[in-house]
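**Q** Dropping a prediction and its sequence here:
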Amino acid sequence: MPDSVFAHLLGDAWAALPAAVRGFHQSTDAHYAGTALVRGADHLPARLLRRVFGFPRPGVSVPVRIHVRREGDGERWSRRFGDRAFASSFCRDASGTLLAERFGPFRFHFALSAAGGRMHWHFRRWSLGPLPLPGALGPRIESWEAEDGNGAFRFYSHADFPLLGRLIHYDGAVVPVVS
């Protein structure tokens, strides 16, 4: 089985990541379950955008289910946080050096790095389909993946937008679900 797109982009740094992170991305079809702390701005525009995109409602110990499936040279993640669901696909961008996340008509491009037992996602640019969007209007994203003290896959992400503030923030952990 070919390596995941994440392994390709990280190169030799991939091997230094914790087993939970590598395992999450090496499976061809896996289900995970756990919980997350979810936060976000409470004003009407942020609540409406979260609803439109299927992003979770803020809450503590929100139930999480993630289905990770290999698609060609990339991955597709279908996520459910409580009663809300959303999905995105990941592949290398046209340059072959960045991770491209496709979320509906939007594309978010990230450089990946590994340090301190975490895989860090560094936001570089965004677009609407093939049309680049202005960086000044783009999100400020912090994301990373790690292994928690119990061996679970830990994930953290937040996205802040100009004028909107924090659209979404989640911090959680999931473990493989054995059928």
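**A** Now that the structure is in, tell me what you want to look at.
**Q** Low-confidence regions, this structure specifically.
**A** By pLDDT under 70, the low-scoring segments of the chain are 1-2.
**Q** Please, where are all the strands along it?
**A** Using DSSP state E, the strands of the chain run over 29-39, 59-71, 74-81, 84-92, 99-103, 106-115, 118-128, 131-132, 140-147, 153-161, 165-176.
**Q** Same list (the ones you listed) but as a markdown table, adding mean neighbour count and distance to residue 46.
**A** (Each C-beta comes from the backbone N, C-alpha and C, glycine too.) A markdown table is the format used below for those (neighbours: other Cβ atoms under 10 Å; distance: least, Cβ to Cβ, whole Å):
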| stretch | mean neighbour count | distance to residue 46 |
| --- | --- | --- |
| strand 29-39 | 17 | 11 |
| strand 59-71 | 16 | 15 |
| strand 74-81 | 19 | 16 |
| strand 84-92 | 17 | 14 |
| strand 99-103 | 19 | 17 |
| strand 106-115 | 18 | 17 |
| strand 118-128 | 18 | 18 |
| strand 131-132 | 10 | 24 |
| strand 140-147 | 18 | 15 |
| strand 153-161 | 20 | 9 |
| strand 165-176 | 19 | 6 |
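**Q** Can you say which of these is nearest to residue 16?
**A** Checking those against residue 16 by Cβ to Cβ gives strand 106-115 as the closest, at 5.8 Å.
**Q** What's the biggest helix in this structure, counting residues?
**A** Identified as the longest helix of the chain according to DSSP state H is helix 44-53.
**Q** buried residues in it?
**A** Judged by neighbour count (16 or more other Cβ atoms under 10 Å), helix 44-53 contains these buried residues: 46-47, 49-50.
**Q** go on, stretch 12-29?
**A** In stretch 12-29, counting by 16+ other Cβ under 10 Å, buried: 14, 17-18, 20-27.
**Q** Now do the end-to-end distance for it.
**A** 24 Å (Cα to Cα, to the nearest Å).
**Q** starting at the chain centroid, how far to it?
**A** Centre-to-centre, stretch 12-29 and its host chain are 15 Å apart (Cα atoms, centre = their mean, to the nearest Å).
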